[in-house]
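Student: Quick one, structure for this:
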Amino acid sequence: MVYVGLDVSLNSVAVCVIDREGQILKEASVASEASAISQCLQPWRDRIAKIGLEAGPMSEWLTAGLAELGFPAISLEARQVKAALSAMPVKTDRNDARGIAQVVRAGWYKVVHVKSIGSQHARTLVAARKHLIRSIAASEQTLRGLLRPFGLKVGIVSRAGFASRVRELVGNNAILAEVMAPLLAARDALMQEYQRLHRLVVQAVRNDPVCRLLTTMPGIGPVSALTFRATIDAPERFARSRSVGAYLGLTPRRYQSGEIDRTGRITKVGDGETRTALFEAANVILRPSTRWSPMKAWAVRIAQRQGSKRAKVALARKMAVVLHSMWRSGTEFRWTATAA
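Tutor: Numbering: from 1, shown residues only. This is a model prediction of the structure:
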C-alpha cells in the first residue's frame with residue numbers, strides 16, 4: 001500500500017507518494033486539477049490506501065473531484081496538520097506534501113467533512129450577502145467622514161433614510177452635492193444588489209423544509225437557519241446533538257496537567273459565521289420583548305448568576321444542540337419544558 005500527501009495552492013499541487021515504510025516513491029508538482037493529480041498517480045492507482053489534503057478553500061473541490069475519479073481522498077483537519085508540520089525547520093510546498101503523506105501513513109489525523117454542493121451554494125449566497133452589507137456600511141462611513149470637516153453631521157438615521165439625509169445636508173452646497181452624487185449612486189446600487197441577494201436567501205429558506213423547521217425556534221431567522229443548515233450539512237454525522245456545540249467552538253477550553261485543572265474561554269474552533277449567527281439569535285431571545293420560554297428562563301437564570309455575556313454563550317451552545325435535535329427528529333421547536 002502507498003500513501004499520498006497533497007499540498008494544495010491556487011495554481012499547483014505538490015504531490016508526494018510514500019510506501020508503508022515511509023520511503024518516498026515519487027514527488028511532483030502538477031496543476032490544481034483533479035484530472036492532473038489522477039494522471040500523476042496512475043502507476044499506484046490500485047495500491048493507494050489514502051490521499052490526504054489539508055482542509056482549505058480548494059480542498060473540498062479537489063477532494064470531491066478525486067473521489068469521483070475513484071481515489072480514496074480525504075480532507076484533513078488543518079490544525080492537526082499544522083501542528084504536525086510545525087516540527088519541520090524548512091517550510092516548502094514539497095516538504096509540506098511530504099509531511100502530509102507521513103501524517104496519512106501514521107493515521108494521526110481527523111477527517112473534515114466535505115460539504116455537499118447544495119451546502120456550498122448556500123454558504124456562498126450567505127457570504128455574498130454579508131459582503132454587500134459590509135460594503136454598504138463602509139460606504140456610509142466614508143460619506144459621513146467626508147461631510148464631517150464641513151460641520152455636516154448625518155447623525156442617527158435609518159438605512160432607508162440615509163441617502164435622503166445626505167442630500168438634504170449638501171443641498172445648499174453645489175460642489176459637495178456633485179461630489180456626493182456618485183458615492184450615493186454607488187451605495188444605491190449596493191443596496192439594490194443586497195436586497196436581491198436577501199430575497200434569494202428568503203426564497204431558499206422557503207423552499208427548504210429543514211430551514212423552515214429551524215426557523216420555528218425563536219431568534220432564528222432566514223439567514224441564521226440557512227447558515228446553520230449549510231454548516232452542519234449532514235446531521236447524521238453527529239451521533240449526539242451535544243457534539244454540535246463543540247464542533248462549532250462553543251465549549252470551554254480545558255488545560256489539565258498534574259494538579260492543574262483550568263477551564264478557559266470557548267475554543268472558537270469550527271465555523272465562525274455560524275457561531276456569530278447563534279450569538280445574535282441568543283441576543284434576540286434574551287430581549288425583554290421576546291416571548292417567554294423555558295429555554296429563555298434557563299438563560300435568564302444563568303445571566304443572573306454569571307452575567308449576560310456568559311448567558312449568551314451558554315444559550316448559543318444550547319440553541320445549536322436543540323436545532324440539531326429538531327433537525328434529526330423532524331419536530332418543530334416546543335414552547336414547553338421539554339424544549340429546554
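Student: quick one: contacts for the residue most central in space within the chain?
Tutor: Among the residues of the chain, the one closest to the centroid is Asp271, at 3.5 Å (CA atoms, centre = their mean). Contacts for Asp271 (CB atoms under 8 Å, 6 or more residues apart in numbering) come out as Thr231, Leu248. (C-beta placed from N, C-alpha, C; glycine too.)
Student: so what pLDDT did it get?
Tutor: Reported pLDDT at Asp271 in the predicted model: 92.
Student: Can you give me the distance of it to Asp188?
Tutor: 32 Å (CB to CB, to the nearest Å).
Student: And for Ala177?
Tutor: 15 Å.
Student: low pLDDT regions in the chain?
Tutor: By pLDDT under 70, the low-scoring segments of the chain are 337-340.
Student: what domains does the record give for it?
Tutor: 2-112, 117-207, 211-339 (automatic domain parsing).
Student: Can you give me the end-to-end span of the second one?
Tutor: With CA to CA, to the nearest Å as the measure, the first residue of domain 117-207 is 16 Å from its last.
Student: Might you calculate how far it sits from the centre of the chain?
Tutor: Taking CA atoms, centre = their mean, to the nearest Å, one finds the center of domain 117-207 at 24 Å from the center of the full chain.
Student: Check the last one too.
Tutor: The gap between the average C-alpha position of domain 211-339 and the chain average comes to 15 Å, counting by CA atoms, centre = their mean.
Student: Over to the first one?
Tutor: Between the mean C-alpha point of domain 2-112 and the mean C-alpha point of its chain there is a distance of 23 Å (CA atoms, centre = their mean).
Student: could you point out the longest helix in the protein?
Tutor: helix 174-206 (DSSP state H).
Student: Give me the packing partners of it, helices and strands only.
Tutor: helix 117-147, helix 162-169, helix 209-214, helix 222-232 (3 or more CB pairs under 8 Å, 6 or more residues apart in numbering; DSSP states H and E).
Student: distance of the residue nearest to the centre of the chain from Val126?
Tutor: Taking CB to CB, one finds Asp271 at 11 Å from Val126.
Student: Ok, Gly155 next?
Tutor: Taking CB to CB, one finds Gly155 at 31 Å from Val126.
Student: Looking at the two, which has the bigger crowd around it?
Tutor: Val126 (24 against 8; other CB atoms under 10 Å).
Student: what about the closest residue to that one other than its chain neighbours, distance to Ser32?
Tutor: Excluding the flanking residues, the one nearest Val126 by CB to CB, 6 or more residues apart in numbering is Thr227, at 5.4 Å. To Ser32, Thr227 is 28 Å away according to CB to CB.
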